[in-house]
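*Asks:* just the structure for this:
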Amino acid sequence: MKHAQLLLLLSDLGFSRNIFILHPTIMTKTTRPLFYIIPYDWTWWAWSITCALLLVGLFGNPDCFIAAMAITAGQAIILLFRDRQPAHFSVQVRAAYLLLLVISYPPSMRWLNWATMLGTFALVAFGYCPMARLLSLCPWNSREPYSWDRLRRTIFSAPDLERVQEADPATAGCAGGLCSIDAQVAPPRPHTLSSLIG
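*Replies:* Here you go, the predicted model:
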């Protein structure tokens, strides 16, 4: 296999741009990460533990659901103190997630924890945060008019931490940046904005 073909294959598989491929004549980075394993971010650990607790709870230990609620409430409180605004998006994500955990706590609603656990696993492993994407569609979080393009981008765009850096460099290094609207939802293409305006 030629080196260019190998680079293309690794790029198509989504290997992280943090993984360098070295060759005597070629040094390049691949395009976009497939996995978002972020062990230096405390919120990644909080979500990972929450996901594990939900899984254990689903297999018969309901006390783990309460522990997951406690961790989520702790995250919300810490981020509320950090951001100093209850309406800040990072606090909204944790509050909505906590509400979902409370709703799914009664035994008759525990089936809902499967969806919650799978969504949390998608965040921890792949960086895809369903809750952030859903909340980005709320009117108080919207930055653009509703359209099919916006809905498509909200559901299908790949997460990208570099969009946070471009949108708000001051908060790019903050914990939990992956659950921001900028990281989750791709911005509209320039021709899409002009068609909405004109």
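*Asks:* can you tell me the SS state at the nearest residue in space to A68 that is not next to it in sequence?
*Replies:* Counting by C-beta to C-beta, 6 or more residues apart in numbering, L53 is the residue found nearest to A68 once chain neighbours are left out, at 4.3 Å. Yep, even glycine has a C-beta here, placed from its N, CA and C like the rest. Assigned by DSSP: H, G, I helix; E, B strand; the rest coil, the conformation of L53 is helix.
*Asks:* look up how far A122 lies from L53.
*Replies:* As for L53, its distance to A122 is 16 Å (criterion: C-beta to C-beta, to the nearest Å).
*Asks:* more neighbours, the two?
*Replies:* Ranked by neighbour count (other C-beta atoms under 10 Å), L53 and A122 place L53 first, with 23 against 16.
*Asks:* who are the contact partners of the more buried one?
*Replies:* Neighbour list for L53: 64-65, 67-68, 71 [criterion: C-beta atoms under 8 Å, 6 or more residues apart in numbering].
*Asks:* which one (most neighbours) among those residues?
*Replies:* For the contacts of L53, neighbours were counted using other C-beta under 10 Å, and A68 has the most, 27 neighbours in all.
*Asks:* which ones are touching that one?
*Replies:* A68 neighbours (C-beta under 8 Å, 6+ apart): 50, 53-54, 57, 101.
*Asks:* grab the most central residue of the protein for me.
*Replies:* With distances taken as C-alpha atoms, centre = their mean, C129 lies nearest the centre of the chain, 3.3 Å away.
*Asks:* pretty sure that residue contacts V185?
*Replies:* No - with contact defined as C-beta atoms under 8 Å, C129 does not reach V185; the gap is 10.0 Å.
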